[in-house]
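Trainee: Quick check, what structure comes out for this input:
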Amino acid sequence: MVTVDPTQLSAANSSARLQAALAVGTRADPGDVGALVARCAVEPDFFVRDMLTWALTRLPAAVVVPKLLGELRSERPQARSQALHTLSKIGDRAVWPSITRALLHDADEEVARSAWRAAVVLVPEDERGALAVDLAAQLGRGDRAVRLSLSRALVALGDVAEDALRTGLASLDPAVRAHARATRKLLRDPDAGFDLGVDEAKRVVALGPERAGGTAC
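Mentor: Next comes the predicted model:
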């Protein structure tokens, strides 16, 4: 019998919280779902959050998923982000309708990135093209980490992303064009580097398209 004190999920020490999440997950008592989900919304430590997600995946999806879907409507960005992350790990494709366009375009970049990752895992085959178009509409968004996340999501969708990139490749915005080119490069060669496309965007913005060498795709 695993000894568990769920109150330790909110202990001051992150190591104590990590051990508590491990113990809760090992015990796998559905009665702990509420405490785990609530802690996901506020836990500041990445490793503890990861353990909380692991603990939730150990519990029956029929109990966990409804709680997580409720978190998608939370006003707290971390609650939405962590719920999306956990849903992607559970992999129940029945929740796809809850991965809304609002989440895919969330103003909070961590929420949006989590939504992109969850979407490519959960999207039905016949909606992959539409998802690729929706994701490609955000080309040029954010810093390098955000852009790389978006590119990886598009690459994960496979060939349908090729058509979705066309608008970005023809964009008047040099940052969008560069991001689209970097994504197409990754799509065709997953081992290719990503930084060249982002660096090119910075160069074009700084120098202007004429001095930077034109806008050819």
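
Trainee: Need the residue closest to the centroid of the chain.
Mentor: Closest to where the C-alpha atoms of the chain average out (Cα atoms, centre = their mean) is Ser114, at 2.0 Å.

Trainee: And what about that residue, helix, strand or coil?
Mentor: At Ser114 the chain is in helix, as set by DSSP: H, G, I helix; E, B strand; the rest coil.

Trainee: contacting residues for it?
Mentor: Ser114 makes contacts with 80-82, 84-85, 88, as judged by Cβ atoms under 8 Å, 6 or more residues apart in numbering. For every residue, glycine as well, the C-beta is placed using N, CA and C.

Trainee: I'd like those residues laid out as CSV, including neighbour count and secondary structure.
Mentor: Shown next, in CSV, are the contacts of Ser114 (neighbours: other Cβ atoms under 10 Å; DSSP: H, G, I helix; E, B strand; the rest coil):
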residue, neighbour count, secondary structure
Arg80, 25, helix
Ser81, 27, helix
Gln82, 28, helix
Leu84, 29, helix
His85, 21, helix
Ser88, 21, helix
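
Trainee: okay, those in JSON lines with pLDDT next?
Mentor: Below are those laid out as JSON lines (pLDDT from 0 to 100):
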{"residue": "Arg80", "pLDDT": "98"}
{"residue": "Ser81", "pLDDT": "98"}
{"residue": "Gln82", "pLDDT": "98"}
{"residue": "Leu84", "pLDDT": "98"}
{"residue": "His85", "pLDDT": "98"}
{"residue": "Ser88", "pLDDT": "97"}
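
Trainee: what's the closest of these to Leu18?
Mentor: Gln82 (15.5 Å; Cβ to Cβ).

Trainee: Just give me the neighbour total for the closest residue in space to Ser171 that isn't next to it in sequence.
Mentor: For Ser171, ignoring the flanking residues on the chain, the nearest one in space by Cβ to Cβ, 6 or more residues apart in numbering is Arg177 at 5.2 Å. Look at Arg177: counted by other Cβ atoms under 10 Å, it has 24 neighbours.
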